[in-house]
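Engineer: Requesting a structural model of the entry that follows:
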Amino acid sequence: MAEVNHARRFGITWLVCTLIGVPLVYFVIGPHMAFGHSSSGAEDQTEALRVLAATATPFVILVMLFLLYAVLNFRQPAGEALEGPAERDNSKIQVTWIVVTSIVVFFIAVYGSVSLISKYGGGSGSGAAPLNRPSNVSLKLQVIGQQWQFTYRWPEYGGVETKTVELPVDRMIEFNVTSLDVIHSWTVKNLGIKADANPQINNIAFTEPKKIEPFEVRCTELCGIWHGAMFSYGRVVSDAEFEQWIHAQQLKYAAITPHLPPYKLTYQPQYGGSHHGGFEEPEESEAEKNKKEEAKLHSVQ
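Structural biologist: Sure thing, here's the model as predicted:
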């Protein structure tokens, strides 16, 4: 009886499974991967996940199929204690594995770099000087991280700062993300945005919302004791609803806005300030000073 050519049998089986598995992962499973299609950034990240998953599929199949093939074909018969065949090196297999995996890693590196540059960071923070900026930015928004909330400043609407956020649909938005204290990370999964908020650094991200829907904002960088409670909600709305909302915010915070520091890309908090960029402690009145002096005298006595 002719000896079974396990290499050929395994190779053909692997090839058939790969030809079925790769299209299945990319075309059937891929579109349902996070992060969805609610924004241009989310679409870019979903496409990247589809490509990476399809690229990894042949190797996942190879490992899993080899384990299954070995169990079915080379397991030791029950009740016997046989010594297995001597191990032999196979330089062809070793060289092929190194070459193929190196090509795959190089492809992933090139694909990832090109995607990040051509797709404006794909919703991720690109630092203060992105290599590529979209030409159709129609709205700029500053995201300010602080323990333990995000606030939003609108330079194109008089520098008003809000505690909530609404975004207009179908408009490319530039997010300028910074922090007042420690490192935070402004993350909106629906919109495919994750931009670290670092003190004294402006981190820019871009995305274009595609669907009118609510979204959740979370901090995804451990930032202190209340990090887990640092989340809020926002909405993507129509252009008309956004204009109505932002004008309502301007009226709501009209008394506060003049006292905010001038709009800048980063802010330097002052000790004892109640907000970013320089609210100083108010001067004490004479009555308050006298009360403190009396308290000191009583403590000495």
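Engineer: can you give me the strands in the stretch 51-200 of the chain?
Structural biologist: Assigned by DSSP state E, counting those that start in this stretch, the stretch 51-200 of the chain shows strands spanning 137-146, 149-154, 160-162, 165-168, 172-179, 184-188, 193-197.
Engineer: Format those as a markdown table; extra columns: mean pLDDT and distance to Gly224.
Structural biologist: C-beta here means a position set from N, CA and C on the backbone, and glycine is covered the same way. Output for the strands of the stretch 51-200 of the chain, formatted as a markdown table (pLDDT from 0 to 100; distance: least, CB to CB, whole Å):
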| stretch | mean pLDDT | distance to Gly224 |
| --- | --- | --- |
| strand 137-146 | 94 | 10 |
| strand 149-154 | 94 | 12 |
| strand 160-162 | 93 | 21 |
| strand 165-168 | 95 | 22 |
| strand 172-179 | 94 | 12 |
| strand 184-188 | 94 | 9 |
| strand 193-197 | 92 | 13 |
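Engineer: can you redo these as TSV with mean neighbour count and distance to Met33?
Structural biologist: Shown next, in TSV, are the strands of the stretch 51-200 of the chain (neighbours: other CB atoms under 10 Å; distance: least, CB to CB, whole Å):
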stretch	mean neighbour count	distance to Met33
strand 137-146	19	26
strand 149-154	20	27
strand 160-162	20	33
strand 165-168	21	23
strand 172-179	23	23
strand 184-188	25	17
strand 193-197	25	16
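Engineer: Mind checking these for the one nearest to Phe215?
Structural biologist: Closest of the strands of the stretch 51-200 of the chain to Phe215 is strand 184-188, at 5.3 Å (criterion: CB to CB).
Engineer: Need the nearest residue in space to Glu241, chain neighbours excluded.
Structural biologist: Glu166 (7.4 Å; CB to CB, 6 or more residues apart in numbering).
Engineer: burial count for Met64?
Structural biologist: 11 (other CB atoms under 10 Å).
Engineer: okay, it: pLDDT?
Structural biologist: pLDDT for Met64: 94.
Engineer: Would you mind measuring the gap between the ends of stretch 183-195?
Structural biologist: 11 Å (CA to CA, to the nearest Å).
Engineer: who are the neighbours in contact with the residue nearest the centre of the chain?
Structural biologist: Note on the chain: the residue nearest the mean C-alpha position is Lys194, at 2.8 Å, using CA atoms, centre = their mean. By CB atoms under 8 Å, 6 or more residues apart in numbering, the residues touching Lys194 are Gly123, Ser124, Gly125, Ser185, Trp186, Thr187, Thr220.
Engineer: what's the spacing between the lengthiest helix in the chain and its chain's center?
Structural biologist: Secondary structure of the chain read by DSSP state H shows that its longest helix is helix 40-74. Put simply, helix 40-74 sits 23 Å off its chain's centre (CA atoms, centre = their mean, to the nearest Å).
Engineer: Lovely, talk soon.
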